[in-house]
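> Here is my input, please return the structure:
(one chain, ligands or ions: 1)
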Amino acid sequence: MIKVGQIGAGAWGRNLLRNFAALSNCQVKVCCDKDAKVLNAIRAQYNDKISTTSRFEDLLGDNELDAVVIATLPQTHADFAIKALSCGKHVFVEKPLALKVEDAEKMLAAAEKNKRFLMIGHLLLYHPAVRKLKDYIEHGQLGNIHYLYSTRVNLGQVREIENALWSLTAHDISVAMYLINQSPLEVAATGKAYLREDIQDVVFLTLTFKNDIMAHIHASWLDPHKVRKFTVVGSKKMVVFDDMESSEKIRIYDKGYDWQKNAGTYDTFLTLREGDINIPRIDMVEPLKFECQHFIDCIMYKKAPFTDGENGLAVLRVLTAAQESLEKNGKPVKIKK
Ligand SMILES: NC(=O)c1ccc[n+]([C@@H]2O[C@H](COP(=O)([O-])OP(=O)(O)OC[C@H]3O[C@@H](n4cnc5c(N)ncnc54)[C@H](O)[C@@H]3O)[C@@H](O)[C@H]2O)c1
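Next up, the predicted model:
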C-alpha cells in the first residue's frame, strides 16, 4: 500500500483525490488545503477516512507518507514540490510544472538528489485515444506527419492570474510533442484579453518542428462551443481525435493526394484519394484513473514515470517561449534547450 498526502483539493484536486482514493494499492492518508470549507467537504465525503490539515508541514513531517500530490495553483508548485522531495517523498504535480524554467530545474535537481520520482500531470498522454493515435503514427499508418492542429475552447473557467496560454495549452503542447516525437524549434503566439486587463482569454500558437512539421493550437475560455479536438494530417492518412465524442473518439480518413506518372512521359500529376473512414474501437479507461495508477505503480515497482520532470520541463520551455512571443505580438521565439 502506497501512502499519499495531497495538497490542494479545489476544482481539479478533488478529482485527483477521488481517483487516488479509489486505487487498490494506494491509501490517501491526509489532505491539506488552506480553505476550511474544502476540508469539511472532504471529511464529509470520505467519512473521516482521510485526515485533513491546513498545514503543509504536517505532510512533510509524516514519515509514513511515500508521496505527495500537488494540486494547488501553479505559482506554488515549485516550492511545495522541492520541500516534499527534500523530505524524501515522491511527487506528483499538476500541470504546468512551474511558472519559471529555473524553478522547474530546481525541482528536477531535488528529485535527482533525493532519488525520488517527480511526475507531471500531462493527463492527455494517459488518454487511450492518444495512445492509439501514437501507435498508428509509430507503425507508419499515417505516413509522414505534415501538420496537426488542436482546438480546446469552451465558455469555461476564467482564471484571475494565469492566461489561457498557461491554463489551457499545456495538454495540447504535450500531445503535439508526443505525437511528433520531438520538441519544437520555435513558437509564435498571439492572443487577446477581453474580460480582464492583460489576461488573454484566447490564444493561437504555432509550433514549428524539424522537417517543416507544424502544430497549431487554439485555446480559449471565451467561446460558444465546447471543443476538444485534434486533427493530424499525414502523407498517407489523416486522423481526427474528438474527445467530445462519447465512443467514436478517433476517425481515420484514407484521404490525401498521390503523385501519378503520365504514361510515356516524365510528367507527374496529383490525384485525389478519397478512401474509407475507419473508426477503431478504443477500450476506454478514465485517463485520470490511468494517470493516478501509473504514479502509484512507478513508486511500487521503482520505474520512472512516463511523464517525468523532464517532460514537464520541456512543455514549460514551450510555454515560456510562447509567453514571450505573445508579449511581442506573435514574433516567433526560439525554444531554449
Ligand atoms: N489536468 C487537468 O486537466 C487540469 C484541469 C484543471 C486544473 N488543473 C491544474 O490543477 C491545479 C489546480 O487547479 P484548480 O482548478 O483545482 O484550482 P483551484 O483554485 O480550484 O484549487 C486550488 C486549491 O488549492 C488550495 N490551496 C492554494 N494554496 C494553498 C496553500 N498554500 N496551502 C494549502 N492549500 C492551498 C486552495 O484552497 C484550493 O482549494 C492547477 O495547476 C491547474 O492548472 C489541471
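> how about the helices in the stretch 51-200 of the chain?
Counting by DSSP state H, counting those that start in this stretch, the stretch 51-200 of the chain has helices at residues 56-60, 74-86, 101-113, 128-138, 164-168, 170-180.
> Of those, which is nearest residue 269?
Closest approach to residue 269 among those (Cβ to Cβ): helix 128-138, 28.3 Å. To be clear about C-beta, it is placed using only N, CA and C from the backbone, and glycine gets the same treatment.
> so how far is that closest one from its chain's centroid?
The offset between the C-alpha centroid of helix 128-138 and the centroid of the whole chain comes to 16 Å, using Cα atoms, centre = their mean, to the nearest Å.
> gap between the closest residue to residue 331 other than its chain neighbours and the ligand?
Leaving aside its chain neighbours, residue 331 sits nearest to residue 325 (5.9 Å; criterion: Cβ to Cβ, 6 or more residues apart in numbering). Between residue 325 and the ligand the distance, using Cβ to the nearest ligand atom, to the nearest Å, works out to 21 Å.
> and residue 325, what are its phi and psi?
Residue 325 adopts backbone torsions of phi -60, psi -40, taken as degrees, to the nearest 10.
> Strands of the stretch 201-337 of the chain, residue ranges please.
Taking DSSP state E, counting those that start in this stretch as the test, the strands found in the stretch 201-337 of the chain are 202-208, 214-220, 227-234, 238-242, 250-261, 268-278, 333-334.
> which other residues reach the last one?
Strand 333-334 is contacted by residues 185-188, 321-322, 324-325 when judged by Cβ atoms under 8 Å, 6 or more residues apart in numbering.
> what lines up beside it in the sheet?
Partners of strand 333-334 in the sheet, by DSSP bridges, are strand 186-192 (antiparallel).
> try the second one
According to DSSP bridges, strand 214-220 has the following sheet partners: strand 145-153 (parallel), strand 202-208 (antiparallel).
> Return the alpha-carbon coordinates of the longest one using PDB.
As requested, C-alpha coordinates have been extracted for strand 145-153 and formatted as PDB (Å, rounded to 0.1, in the frame of the first residue of the first chain):
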ATOM      1  CA  ILE A 145       3.200  13.800 -40.300                       C
ATOM      2  CA  HIS A 146       2.800  17.100 -42.200                       C
ATOM      3  CA  TYR A 147       1.000  19.100 -39.600                       C
ATOM      4  CA  LEU A 148      -1.500  18.900 -36.800                       C
ATOM      5  CA  TYR A 149      -3.900  21.300 -35.100                       C
ATOM      6  CA  SER A 150      -5.900  21.300 -31.900                       C
ATOM      7  CA  THR A 151      -8.900  23.200 -30.600                       C
ATOM      8  CA  ARG A 152      -9.500  23.500 -26.900                       C
ATOM      9  CA  VAL A 153     -12.300  26.000 -26.400                       C
END
